[in-house]
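In: build the 3D model from these lines:
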Amino acid sequence: MNKLVRIAREQLRLYLVTDSELCRGRTLSDVVAAAVRGGVTCVQLREKDLNTREFVARSQALKSLLAPLHIPLVINDRVDVALACQADGVHLGQSDMPVDLVRTILPPHVFIGLSVENDRDIAQAIDLPVDYLGISPVFATPTKTDTQTPWGLMGLQRARAMTSLPLVAIGGIHVGNAVQVIHCGADGLAVVSAICAAEDPAAAATELRSIMQPHFH
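Out: All right, here's what the predicted structure looks like:
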């Protein structure tokens with residue numbers, strides 16, 4: 001197991017996963033910039049419908065925005081796009097390229113996150129060169145329709161007991177349940193609509209951070 005720490009738990013605290021369709025007509029860069037001003041600590045670019053050229057262009061634009069602020073940029077699924085824009089991390093799902101293979105392709109400093117949907121996924125991940133796990137989904141959510149049965153808070157507690165890896169919880173997380181999720185073992189909260197669809201993404205991020213912060217040790 002690789003012991004190099006490529007991503008600190010503090011950088012995973014408030015993890016924005018982008019969804020251009022939820023941005024209410026605003027540009028993705030504007031929403032991300034506002035979210036970061038409000039306290040987002042990590043940004044994952046998730047683009048299921050863009051062609052490769054457009055995905056690369058968008059990733060390069062976000063890298064230019066985030067790098068001076070020392071906010072990590074994570075690319076969802078696409079290792080080639082991550083390499084092209086010199087992203088800080090790649091996030092993989094269970095049906096993506098195998099983690100061991102991705103690790104051989106990426107530069108040593110680029111971190112890898114892996115979505116886990118059940119106990120078996122966690123058990124297998126313990127021996128993989130991953131830097132954090134995405135507990136997906138914690139609650140049912142319309143933005144992730146291709147996932148398994150929600151973990152729920154009890155499932156999150158079980159996941160925490162199974163591994164010492166940083167855990168990022170995603171799926172239906174908002175100001176009303178954020179503290180519960182942290183208390184059940186999450187090191188970070190990943191949000192999509194709670195920020196992307198907010199009338200004021202900066203204010204939404206600030207509110208989440210202010211609610212979360214006292215509960216992290």
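In: residues contacting Gly38?
Out: 195, 201-206, 209 (Cβ atoms under 8 Å, 6 or more residues apart in numbering). Using the backbone N, CA and C atoms, a C-beta is placed for each residue, glycine as well.
In: just give me the longest helix of this structure.
Out: Taking DSSP state H as the criterion, the chain has its longest helix at helix 52-66.
In: averaged pLDDT, that one. What do you get?
Out: Confidence over helix 52-66, taken as the mean pLDDT, stands at 97.
In: relative to the whole chain's centre, how far out is that helix?
Out: When C-alpha coordinates are averaged (Cα atoms, centre = their mean, to the nearest Å), helix 52-66 and its chain have centres 17 Å apart.
In: just stretch 48-63 next, same as before
Out: Stretch 48-63 has its C-alpha centroid displaced from the chain centroid by 17 Å (Cα atoms, centre = their mean).
In: then stretch 91-107?
Out: When distances are taken as Cα atoms, centre = their mean, stretch 91-107 is centred 15 Å away from the chain's centroid.
In: looking at the protein, which strand is longest?
Out: The single longest strand within the chain, with elements called by DSSP state E, is strand 111-116.
In: name the next helix or strand downstream of it, please.
Out: For strand 111-116, the following helix or strand on the C-terminal side (DSSP states H and E) is helix 119-125.
In: and that next one, how far out from the chain's middle?
Out: The answer for helix 119-125 is 18 Å, by Cα atoms, centre = their mean.
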